[in-house]
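> coords please:
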Amino acid sequence: MSRIGNKPVPLPDKVDVTIQGQDVKVKGPKGELYHNVHPAITVKQEDSTLLVERPTDEREHRALHGLTRALIANMVTGVSDGFQKTLKIDGVGYTSELRGQDLVMKLGYSHEIVVNPPEGINFVVEDRGVTIHVLGIDKQVVGQVAANIRELRPPEPYLGKGVRYSDERIRRKAGKAGKA
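Presented below is the predicted three-dimensional model:
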């Protein structure tokens, strides 16, 4: 019994859903998202909720049931509220700035790193270039862009320098012990 798959997805007033066969289109104030549902799973709209149903209790159908419900719920949240990931930069001389839509970062290399945002993604830089917000309506794309930025200079365990998520804790290691 899938607990996530059985929960109905509530639709806010400003969100419209169109279901045509296996295609689900969600439109809201922030944009529009599409998802092609697996043929075994059915999506129905009742009043102001969406219901996701599966044909049997086979392992594959149970897995697809919860997955589909979660993806549709993320689409509804994305077009109504949007998603955000926050990154922090630690290190002397490490900074970032916006040039137009592009994010330009100085991370201790001999050159600046320019990150071009994919379609639907916006960057906001705060705290003199130390805090970066990645904003968008597609949860998967927002998370992937944030992970790609973090990968440019991951935090190192001795001094903690690098790019990290705002809620990430870095396990610090002790340096070399001096001679006695």
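> remind me, longest strand of the protein?
strand 83-90 (DSSP state E).
> C-terminal to that strand, what's the next element?
strand 95-99 (DSSP states H and E).
> per-residue confidence averaged over that next one?
For strand 95-99, the mean per-residue pLDDT is 95.
> what pairs with it, and is each one parallel or antiparallel?
strand 102-106 (antiparallel) (DSSP bridges).
> Pull out the buried residues from the longest strand of the chain.
Phe83, Lys85, Leu87, Lys88, Ile89, Asp90 (16 or more other CB atoms under 10 Å). Heads up, the C-betas are built off the backbone N, CA and C, glycines and all.
> domains in the chain, as residue ranges please.
3-80, 83-165 (automatic domain parsing).
> Could you work out the end-to-end span of the first one for me?
So that's domain 3-80. 24 Å (CA to CA, to the nearest Å).
> pLDDT of that domain, averaged?
93.
> Present the domains of the chain as TSV; the columns should include distance to Gly175.
Compiled in TSV, the domains of the chain are given as follows (distance: least, CB to CB, whole Å):
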stretch	distance to Gly175
domain 3-80	43
domain 83-165	6
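> Name the residues of stretch 125-136 that come out as buried.
Quick answer for stretch 125-136 (16+ other CB under 10 Å): Val125, Gly129, Ile132, His133, Val134, Leu135, Gly136.
> One more: stretch 166-180?
Ile170.
> Outside of that stretch itself, list whatever touches it.
Contacts to stretch 166-180, defined as CB atoms under 8 Å, 6 or more residues apart in numbering, come from residues Thr86, Leu87, Lys88, Thr131, Pro155, Pro157, Tyr158, Gly160, Arg164.
> what about His61, helix or strand, and which?
Using DSSP H and E, the element containing His61 is helix 59-80.
> picking that back up, adjacent strands (with direction) for the longest strand of the chain?
Assessed with DSSP bridges, strand 83-90 is paired to strand 131-136 (antiparallel), strand 162-165 (antiparallel).
> so it versus helix 59-80, what angle?
80 degrees (axes from the mean of the first three to the mean of the last three CA atoms, to 10 degrees).
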